[in-house]
Every structure is written in structure tokens, then in C-alpha cells.
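Enquirer: Sharing a sequence plus its predicted fold:
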Amino acid sequence: KYRRVVFGGPEWVRHRSTQRYTRHIMSMTSSRVVQALLYPVSCFALSAGVVCFLDSQLSPWHDIIQPLKIPVSVFSLSGGALSLLLVFRTNVSYGRWWEARKIWGGQL
């Protein structure tokens, strides 16, 4: 049921045609990934819309209510830390892959 289809000549021509974009867009609603992500993305979009609406409606009150201000330095420091974490994790995973490749090459 879930095995891959072996492509022949006609299947390859159909797969590479420019009509595939339309076919993929039309089949997006039946995608399990889209169906799984629809609820969380909708909730976040709705909450962002509510926040934007409230911000636009409360704009005359900005003198009384102090707007939320986050310093840019927070994002700069956290961005640098996250980039270093990503680099270290990438290097470790590449090292593991390289070691497994050497072991696999020794087995063959």
C-alpha cells in the first residue's frame, strides 16, 4: 500500500511536466502534514490577529499604558548563543556520521 512507484518513461514525463505544480497545490488539503499542522498554526495566527487588533484599538491609550519594549540586545545575545549551539550539534552529528561511515567501509 505504501511502497514506492517505479518510474517508467510515461510516469517520468508526467512527473516532470509543468502541470505537477497545479496537481500538488490541489492535493495539499489531503496532505497529512497540512492536516496535522492546521490546528496549531490556526491557533497561533488567531492569537497574533487578536494581539494586533487589540494593539490597534488601544493605540490612544499608549500614553497611559506603557507599550511592551524588549531591548534588541536580548535577541543579539540569544541569537549568538543559538548559532553556536547549532554549530556544535552539527559538528557532533557529522563526526558520528563519519565514524559510522568508516566502520561500514571496514565491514565491506
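Expert: Yes, it's here.
Enquirer: contacts and neighbour counts: CA atoms only from here.
Expert: Noted.
Enquirer: Could I get the buried residue list for the top helix by length along the chain?
Expert: Taking DSSP state H as the criterion, the chain has its longest helix at helix 72-107. Buried residues in helix 72-107, counting neighbours by 16 or more other C-alpha atoms under 10 Å, are absent.
Enquirer: what distance separates that helix from the centre of its chain?
Expert: Centroid separation between helix 72-107 and its chain, computed with C-alpha atoms, centre = their mean, to the nearest Å, is 19 Å.
Enquirer: ok, now stretch 92-108?
Expert: 29 Å.
Enquirer: Need the CA coordinates for it. CSV is fine.
Expert: The C-alpha trace of stretch 92-108 is given here as CSV (Å, rounded to 0.1, in the frame of the first residue of the first chain):
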residue,chain,number,x,y,z
VAL,A,92,28.9,16.3,16.6
SER,A,93,26.4,14.7,14.2
TYR,A,94,28.9,14.9,11.3
GLY,A,95,31.5,13.3,13.5
ARG,A,96,29.1,10.4,14.3
TRP,A,97,28.2,10.0,10.6
TRP,A,98,31.9,10.0,9.6
GLU,A,99,32.7,7.3,12.3
ALA,A,100,29.8,5.2,11.1
ARG,A,101,30.9,5.5,7.5
LYS,A,102,34.4,4.3,8.4
ILE,A,103,33.1,1.4,10.3
TRP,A,104,30.7,0.5,7.5
GLY,A,105,33.5,0.8,5.0
GLY,A,106,35.6,-1.6,7.1
GLN,A,107,32.8,-4.1,7.1
LEU,A,108,32.5,-4.2,3.4
